[in-house]
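> Have a look; sequence and predicted model below, questions after that.
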Amino acid sequence: MTKPVSWKKNDRLIVTGITGDWAFAAGSLLLALVRHNPRLAADVLVYHDTTLSFADKKLLEALGARCETFAVACEGLRPEAVQQFSLLSLSKLACFRLLEHYESVLWLDADVLVQDSLDDVFSFGPLAMALQDAEFGDTGKTAPARVNVHAPIPCLDGEVPNMNSGVLVLRRGLGDTHVLEQWCLDFLQTYGSVLRYPDQAALNALVQRLRSDCPEAVVELPSRFNCHPRNPEATYAPIVHAFGAYKLWNDGLTAACFPEWQRDYARWLRMGGSPYNGPVDNAEYASGGAFYLLRGLFDTIARSEKALNNLQQRLTAAEAARARLETLLHRLGPDV
């Protein structure tokens, strides 16, 4: 894998990983990231597989990202895990080695919405993850770590609250990062046949190990940096993470609740980016939801701005005419 040395510009790095059919998600994520963090001193890296189109890659690069192909080995993983989840989610384990080049690394799953500044999130670590949002399930409690596996395994306490791997913060001082990455890879190879959520299982097991061996290395990330759409606090959370079946693009109800993502997706399409081509549940909510109300507001604002511009042009022309008239009167003298 190419090491990010020649293109490094900052001491902080933001990373995501996608298959080619998720380019629209990465594009929408980058648009929100840039808008809410115009002065964020961080490089951006998008890991992808060979299915990413040349056109989409160029668009992602135009949005400020470095795009690199990431080959994922999936030997030993359950076939349903490989089919259900993007193997590019395993590229987050490469964040450990990236600490060789950066002071801090932030991993974001591509199904997140950035709604505010991310300056604060880089202060957590050396390893920071958030508990799975309790609002995701029906019990009102964070699920136990056993949700990541189909059967008990020795190095994972299944009764400990589960930590969500969709947002991950790493900082210098974590220790030998090569050893930590290899530990996760060995975990996947050893227990792959019983893993439901491979990357999350590996990171939960690693967190449990570090809490035992080096407690100060692990910090719980505040829920506002990994907030599920069902959580009422998601309205103002800096990072909304639509983990689970319903995403910001395949469920009309979720789409209606988060029009900002829909706006960025529309911008991605206008740029020429490839669209989401899957099914949409509850599509009727999207067609009459908040996004369309907001779009109407934007259209009204645009028309108002156009009217103001026209008025400004007319005022400018009137002032020019007045100036010419005053010049003429001055030449004719005071007797006119």
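Looks like it came in fine.
> how deep is the nearest residue to Val167 once chain neighbours are set aside tucked in, by neighbour count?
Once flanking residues are discounted, Val167 sits nearest to Asn226: 4.3 Å by C-beta to C-beta, 6 or more residues apart in numbering. No exception for glycine: its C-beta is placed from N, CA and C like everyone else's. Counted with other C-beta atoms under 10 Å, the neighbours of Asn226 add up to 30.
> Help me confirm that Asn226 comes into contact with Glu135.
No - using C-beta atoms under 8 Å, Asn226 is not in contact with Glu135, being 11.6 Å away.
> How much space separates Phe315 from Arg322?
I think there's a mix-up here, since residue 315 is Leu and not Phe. For Leu315, the distance to Arg322 equals 10 Å [C-beta to C-beta, to the nearest Å].
> do Ala130 as well
63 Å.
> could I have stretch 36-43 exported to PDB, CA atoms only?
Extracted C-alpha coordinates of stretch 36-43, given in PDB (Å, rounded to 0.1, in the frame of the first residue of the first chain):
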ATOM      1  CA  HIS A  36     -18.700  22.900   8.200                       C
ATOM      2  CA  ASN A  37     -14.900  22.800   8.500                       C
ATOM      3  CA  PRO A  38     -13.500  25.400   6.000                       C
ATOM      4  CA  ARG A  39     -10.300  25.900   8.100                       C
ATOM      5  CA  LEU A  40      -9.900  22.400   9.300                       C
ATOM      6  CA  ALA A  41      -6.200  21.500   9.000                       C
ATOM      7  CA  ALA A  42      -6.500  17.900   8.000                       C
ATOM      8  CA  ASP A  43      -5.700  15.700   5.000                       C
END
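> what sits up against it?
4, 7-14, 33, 66, 102, 106, 114-119, 122 (C-beta atoms under 8 Å, 6 or more residues apart in numbering).
> Produce a PyMOL select command limited to the buried residues of the residues you listed.
In PyMOL, a selection of the buried entries from the contacts of stretch 36-43 looks like this (16 or more other C-beta atoms under 10 Å):
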select buried, resi 4+12+13+14+33+66+102+106+114+115+118+122
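> Out of the contacts of stretch 36-43, list just those in strands.
Using DSSP state E, the subset of the contacts of stretch 36-43 located in strands is 12-14, 66, 106, 114.
> so can I have a markdown table of those residues showing pLDDT?
Converted to a markdown table, the ones in strands among the contacts of stretch 36-43 look like this (pLDDT from 0 to 100):
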| residue | pLDDT |
| --- | --- |
| Arg12 | 97 |
| Leu13 | 97 |
| Ile14 | 98 |
| Arg66 | 97 |
| Leu106 | 98 |
| Val114 | 97 |
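> Ala130 and Arg322: which has the busier surroundings?
Under the neighbour definition other C-beta under 10 Å, Ala130 and Arg322 were set side by side, and Ala130 has more, 24 against 10.
> in the helix or strand containing that one, what counts as buried?
Counting by DSSP states H and E, the element that carries Ala130 is strand 127-131. Across strand 127-131, burial judged by 16+ other C-beta under 10 Å covers 127-131.
> And the strands in the stretch 151-300 of the chain?
163-171, 218-220, 239-241 (DSSP state E, counting those that start in this stretch).
> For Pro215, grab the count of nearby residues.
Going by other C-beta under 10 Å, the residues that sit close to Pro215 add up to 8.
> Tell me the pLDDT of it.
pLDDT, the model's per-residue confidence, is 90 for Pro215.
> Distance-wise, check it relative to Arg209.
11 Å.
> again, but for Gly272
46 Å.
> These two: which has the busier surroundings?
The neighbour comparison of Gly272 against Arg209 (other C-beta under 10 Å) goes to Arg209, with 17 against 10.
> Does that one touch Asp157 like I think?
No - taking C-beta under 8 Å as the definition, Arg209 is not a contact partner of Asp157, at 10.3 Å.
> What segments of the stretch 51-200 of the chain are helices?
Per DSSP state H, counting those that start in this stretch, the stretch 51-200 of the chain carries helices over the ranges 54-62, 79-84, 95-98, 177-191, 198-213.
> May I see the ones you listed organised as a markdown table, with distance to Trp22 added?
Shown next, in a markdown table, are the helices of the stretch 51-200 of the chain (distance: least, C-beta to C-beta, whole Å):
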| stretch | distance to Trp22 |
| --- | --- |
| helix 54-62 | 10 |
| helix 79-84 | 14 |
| helix 95-98 | 18 |
| helix 177-191 | 21 |
| helix 198-213 | 15 |
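> least reliable of those going by mean pLDDT?
helix 79-84 has the lowest average pLDDT among these, namely a mean of 65.
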